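Undergrad: just need the structure, nothing else, for what follows:
(one chain, ligands or ions: 1)
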Amino acid sequence: MGTYGDRGNARVLERRLAWRDLPGEVVEIAAGEPIPSTLDVYVIGGAEDVPQTLAAEGLGASGPAIEQALDGGSVMLAVCAGFQLLGTTYVRTDGKAVPGLGLVEAATVAGPHRRIGEVVVDTGRVGVGLLSGFENHAGITTLAPGTEPLGAVRTGSGNGDGRDGAYQDRRLVATYLHGPVLARNPALADLLLSWVTGPLPPLDDDMADRLRAERLGAAASRPRWRRS
Ligand code: GLN
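TA: Predicted coordinates for the structure are as follows:
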């Protein structure tokens, strides 16, 4: 899955390695192909309900391979439908329940309206400052007690309860933010990479910083969603 340019997240990771003369290769897994347990970073993007349901059917068999990889030190970035699929279930607008992989204790139901627009998330103790992105989803996600969110929503909806995504230290980042989120927020890209490579030297992120500043400014006019 990779709607709204989410496949760009993989490209950002590959480029940020190359700019530091570190090797990296993007391996695309087509629908229906088995997912290897040997990759360092897994990136899964968003999708609308029908492709998401198809992906859930295909991904189910690969769940153990992904879990084995994460247990062995690999890391995961999941966006929107990808986040929902890592959870326990997604109940669609038409009432159909799509099972998730259960790698995150999070259950999603389609809400009464779509949440569309710019989002700002304060990552707090996760330590990568404010995240800029945009959302377009119906899902409202409830984290189980003890499951940590990625951050607190300052603008927009995220999970629907004032929080966005899920976070497992050195293992997994899930979010509702498209953008692609790693293009808008290079610090998050480097956090994920550093979990695999160790500390990384800084890059000149002037272009991305200017994009972030412009998008964070544009988001200021959109309120935080009421809980619903
Ligand atoms: N189908 C999901 C929803 O609407 C995910 C949408 C998306 O990935 N942008 O909640």
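Undergrad: need the longest strand for the protein.
TA: Determined from DSSP state E, the single longest strand within the chain is strand 106-122.
Undergrad: show me what it is packed up against.
TA: On a contact count with 3 or more CB pairs under 8 Å, 6 or more residues apart in numbering; DSSP states H and E, strand 106-122 meets helix 81-86, strand 89-91, strand 130-143, strand 151-155, helix 206-219. To be clear about C-beta, it is placed using only N, CA and C from the backbone, and glycine gets the same treatment.
Undergrad: I'd like the ones you listed written out as TSV, with mean pLDDT added.
TA: Output for the helices and strands packed on strand 106-122, formatted as TSV (pLDDT from 0 to 100):
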stretch	mean pLDDT
helix 81-86	96
strand 89-91	96
strand 130-143	97
strand 151-155	97
helix 206-219	94
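Undergrad: let me know which of those is tucked in deepest.
TA: helix 81-86 (a mean of 29; mean count of other CB atoms under 10 Å).
Undergrad: I'd assumed Asp40 was in contact with Pro23.
TA: No. Using CB atoms under 8 Å, Pro23 is not in contact with Asp40, being 10.6 Å away.
Undergrad: what sits against Asp122?
TA: Gly129, Leu130, Leu131, Gly151, Ala152, Arg154 (CB atoms under 8 Å, 6 or more residues apart in numbering).
Undergrad: from Leu143, how far out is it?
TA: 17 Å (CB to CB, to the nearest Å).
Undergrad: low-confidence ranges, the protein, go.
TA: Confidence mapping of the chain against pLDDT under 70 gives the ranges 224-228.
Undergrad: which residue lies farthest from the center of it?
TA: Note on the chain: the largest C-alpha distance from the chain mean falls to Asp21, namely 25.9 Å (CA atoms, centre = their mean).
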